[in-house]
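Peer 1: pasting the sequence and the predicted coordinates here, then a few questions.
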Amino acid sequence: MTERIVTMLSAEQIKCRVNELGAQIAAEYKDRNLVLVVVLKGSFVFAADLCRAIDSHLRIDFLGVRSYGEGTESSGVVQIIQDLSRPIAGEDVIIVEDIVDTGLTIAHLMDLFRTRNPKSVKVCSLLYKPARARVAVNVDFVGFTIEDKFVVGYGLDFAEKYRNLPYIGVVERT
Ligand code: IMP
Ligand code: MG
């Protein structure tokens with residue numbers, strides 16, 4: 001069985017949208033205490049481009065979570081494998097996600113962060129798959145709303161493969 005990646009979003013399309021999101025965030029968070037919380041590992045590529053598109057002061061922190069095994073189905077269990085390096089009390093947090101699928105990860109992180117008394121918490125996700133939602137979550141900044149396909153590239157993986165693709169595509173097995 002061989003795998004082939006069919007492009008869904010080109011590097012150029014992603015770049016353009018990420019720059020728009022950055023400008024929108026910079027305008028909204030001007031003169032505030034912005035912290036980008038990057039959800040590892042999937043969001044590292046998006047976050048690296050997004051932070052450079054935000055022309056305003058911010059700090060970056062990382063949160064390691066695991067919600068999938070080696071497959072493509074959410075286990076529904078969100079495990080924190082690396083916590084933030086500093087408190088977020090009184091700060092304006094944006095959780096940076098690669099994709100909101102069932103919404104379970106974001107719902108869990110919102111609950112967790114609210115116990116730490118930040119001034120505000122919003123969510124910025126490059127991709128949003130509304131068809132798969134299992135809990136209601138509010139995604140404040142969305143890059144692209146996509147159909148129900150398992151996608152890889154630009155940080156997203158299939159069993160740890162394909163994170164380094166510069167575009168986003170769908171895995172096809174032939
Ligand atoms: P959720 O908890 O189901 O919303 O999914 C959260 C995480 O599952 C994302 O941050 C991704 O890491 C992973 N995920 C969900 N859908 C996909 C996909 O289509 N491709 C790769 N990873 C995915
Ligand atoms: Mg993720």
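Peer 2: In hand now; what should we look at? Ligands and ions are numbered 1, 2, ... in the order given.
Peer 1: contacts, neighbours, all on C-alpha from now
Peer 2: Noted.
Peer 1: so residue 9 bridges to which residues?
Peer 2: Residue 9 forms beta bridges with residue 168, as assigned by DSSP bridges.
Peer 1: nearest residue to residue 83 other than its sequence neighbours?
Peer 2: residue 63 (5.2 Å; C-alpha to C-alpha, 6 or more residues apart in numbering).
Peer 1: CA atoms of the top helix by length along the chain as PDB?
Peer 2: Using DSSP state H to define each element, the chain has its longest helix at helix 11-28. Taking C-alpha atoms only, helix 11-28 is exported to PDB below (Å, rounded to 0.1, in the frame of the first residue of the first chain):
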ATOM      1  CA  ALA A  11       2.000  27.100   0.900                       C
ATOM      2  CA  GLU A  12       1.000  30.300  -0.800                       C
ATOM      3  CA  GLN A  13      -2.600  30.200   0.400                       C
ATOM      4  CA  ILE A  14      -1.500  29.400   3.900                       C
ATOM      5  CA  LYS A  15       1.000  32.200   4.000                       C
ATOM      6  CA  CYS A  16      -1.600  34.700   2.800                       C
ATOM      7  CA  ARG A  17      -4.100  33.700   5.400                       C
ATOM      8  CA  VAL A  18      -1.600  33.500   8.300                       C
ATOM      9  CA  ASN A  19      -0.600  37.100   7.500                       C
ATOM     10  CA  GLU A  20      -4.200  38.200   7.700                       C
ATOM     11  CA  LEU A  21      -4.700  36.400  11.000                       C
ATOM     12  CA  GLY A  22      -1.500  38.100  12.300                       C
ATOM     13  CA  ALA A  23      -2.700  41.500  11.300                       C
ATOM     14  CA  GLN A  24      -6.100  40.900  12.900                       C
ATOM     15  CA  ILE A  25      -4.500  39.700  16.200                       C
ATOM     16  CA  ALA A  26      -2.000  42.600  16.300                       C
ATOM     17  CA  ALA A  27      -4.900  45.200  15.900                       C
ATOM     18  CA  GLU A  28      -7.000  43.500  18.600                       C
END
